[in-house]
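> Compute the structure for the input listed below.
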Amino acid sequence: METPARRGGEHGFTLVETLIAVSLLAIAVIGIMYTLTTFLSVSGVARSTANLDTVVRTYTEGVVATPYVSCASSYSSVTLPSGYNRSSGPTVAYWNGDDPATFGGTCSTDKGVQRISATVREQSSGRVAAVTITKNAG
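Numbering: from 1, shown residues only. A predicted model of the protein is given here:
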């Protein structure tokens, strides 16, 4: 099929061809920008989760390293880095001396095992992670 002849031997693209090319280019750019935005968002979430995991692990190690205190009301001496706080806890529950183990909220007689619970919160993202540590006297 032969294309119609143009005036005066002019060569180039028609308006329709140019509009189609610009439209296709715009669709491609939008797709690339959407993919880039999604990638950056997902990588930010992954980074935040990894940082929170590291802080929780460090907090747990700090509580475990703290000496056992009979009938302790909390182990709040372990500090969190800036940008993180405890949204709840630490709360201490005391072993009732039974099997399977149950824990109570009052320390009538400390039987040598405590369960410490806390929730760590990253302030910038609002992400939280719960941690439960069992600590024994021996």
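
> which other residues reach the lengthiest strand in the chain?
Looking across the chain with DSSP state E, the single longest strand is strand 84-95. For strand 84-95, contacts defined as C-beta atoms under 8 Å, 6 or more residues apart in numbering pick out 52, 55, 63, 71-76, 80, 101-107, 110-123, 128. Glycine gets a C-beta too; all of them are placed from N, C-alpha and C.

> Where helices are concerned, which of these count?
Of these, the ones assigned to helices by DSSP state H are 52, 55, 63.

> With pLDDT and distance to Thr18 as extra columns, can I get those in TSV?
Shown next, in TSV, are these (pLDDT from 0 to 100; distance: C-beta to C-beta, whole Å):
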residue	pLDDT	distance to Thr18
Leu52	90	51
Val55	90	55
Val63	88	68
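
> closest to Gly97 among these?
Nearest to Gly97 among these: Val63, at 22.4 Å, using C-beta to C-beta.

> Enumerate every residue touching that closest one.
75, 78, 90, 116, 133, 135.

> What distance do you get for the fourth one to Ala137?
Using C-beta to C-beta, to the nearest Å, we find Ile116 at a distance of 14 Å from Ala137.

> who's more crowded, those two?
Ile116 (22 against 12; other C-beta atoms under 10 Å).

> Correct me if wrong: the more buried one contacts Ser76.
No: with contacts counted by C-beta atoms under 8 Å, Ile116 stays clear of Ser76, the gap being 10.1 Å.
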